[in-house]
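# sequence first, then the predicted structure, then my questions.
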Amino acid sequence: MQPFRSVTGVAAPFPAANVDTDVIMPKQFLKGIDRAGLDRGVLFDLRFDADGAPRPDFVLNQAPYRGAPFLVVGPNFGCGSSREHAVWGLAQLGVRALIGISFAGIFFDNCARNGLLAITLPADDHARLLALAAQPADHPFTIDLEAQTIRAGGELIPFVVEAPRRHALLEGLDAVGLSLARAAEIRAFEARHHALNPWLTPVEGRSRAG
């Protein structure tokens, strides 16, 4: 995963409440056996019309917000089904962080496991950032995960990310990467465990079944 330390860019306002994962990633994009093309699927029915042409009135199709690394989203973002494709697609689209009031639990966990920073803020702070996001030329956002701050338009707003998730995001580590970072400890444990329980160690050249 790509480490997240300090990222600066445009924040797109998308304040609709209760946007579910079926809207974020419609079912027709779940047919593949890999993750290819999920960026096009993100918010597909909002971004494109029936002929597949971009809707000019949708925020992510407007010049200031195309390729925006941040979305300021509404409450309960990511509710509904647990499809991880929603997070994969957002990441493919180039979204690095979501700023909201609340997120659905499974979606929030999927973000953490896939390198997408989801920031939960009090309503007042969220409202200030939403207003600044409406003026992208004047107010680029800088999200500093090391300092746990969002800077925009003279505002410096703190946020809190629990230590394990923050560490994983800063270092760009998924669950496998976190395990491999402790490979030496794992091997030492295995050696001690097999020394104390030698009957668990398979004999070379013989199957475990005996």
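On my side now, so go ahead. Numbering: from 1, shown residues only.
# what about Leu90, how many residues nearby?
Look at Leu90: counted by other CB atoms under 10 Å, it has 25 neighbours. Using the backbone N, CA and C atoms, a C-beta is placed for each residue, glycine as well.
# send the alpha carbons of the one helix or strand it maps to over as PDB?
Counting by DSSP states H and E, the element that carries Leu90 is helix 85-92. The C-alpha trace of helix 85-92 is given here as PDB (Å, rounded to 0.1, in the frame of the first residue of the first chain):
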ATOM      1  CA  HIS A  85     -14.900  -3.200  -3.900                       C
ATOM      2  CA  ALA A  86     -16.200   0.200  -2.800                       C
ATOM      3  CA  VAL A  87     -12.900   1.000  -1.100                       C
ATOM      4  CA  TRP A  88     -10.800  -0.600  -3.800                       C
ATOM      5  CA  GLY A  89     -12.500   1.600  -6.400                       C
ATOM      6  CA  LEU A  90     -12.100   4.800  -4.400                       C
ATOM      7  CA  ALA A  91      -8.400   4.100  -4.000                       C
ATOM      8  CA  GLN A  92      -8.100   3.300  -7.800                       C
END
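# does anything pack onto that helix? Which helices or strands?
Using 3 or more CB pairs under 8 Å, 6 or more residues apart in numbering; DSSP states H and E as the contact test, the elements touching helix 85-92 are helix 21-24, helix 38-41, helix 105-113.
# quickly run through the sheet partners of the helix or strand just after the last one, with directions.
Tracing the chain C-terminally past helix 105-113 and defining elements by DSSP H and E, one meets strand 117-120 next. Using DSSP bridges, the strands paired with strand 117-120 are strand 97-100 (parallel).
# and the contacts of the partner strand?
Residues from elsewhere that reach strand 97-100, judged by CB atoms under 8 Å, 6 or more residues apart in numbering: 4, 7, 11, 69-75, 77, 90, 111, 116-121, 126, 129, 143, 150.
# report the buried members of these.
The neighbour count (16 or more other CB atoms under 10 Å) marks 4, 7, 11, 69-75, 77, 90, 111, 116-119, 121, 126, 129, 143, 150 as buried among the contacts of strand 97-100.
# apart from its chain neighbours, what residue comes closest to Arg82?
Careful, residue 82 is Ser; it's not Arg. Distance criterion CB to CB, 6 or more residues apart in numbering; nearest residue to Ser82, sequence neighbours excluded, is Ile106 at 4.3 Å.
# then Arg96?
Leaving out its chain neighbours, Arg96 is closest to Pro69 (CB to CB, 6+ apart), at 4.4 Å.
# my read: the one you found touches Gln2, true?
No. Applying CB atoms under 8 Å as the test, Pro69 and Gln2 come out as separate, 11.1 Å apart.
# quick one: contacts for the residue nearest to Arg96?
Contacts for Pro69 (CB under 8 Å, 6+ apart) come out as Val7, Gly9, Val10, Gly94, Val95, Arg96, Ala97.
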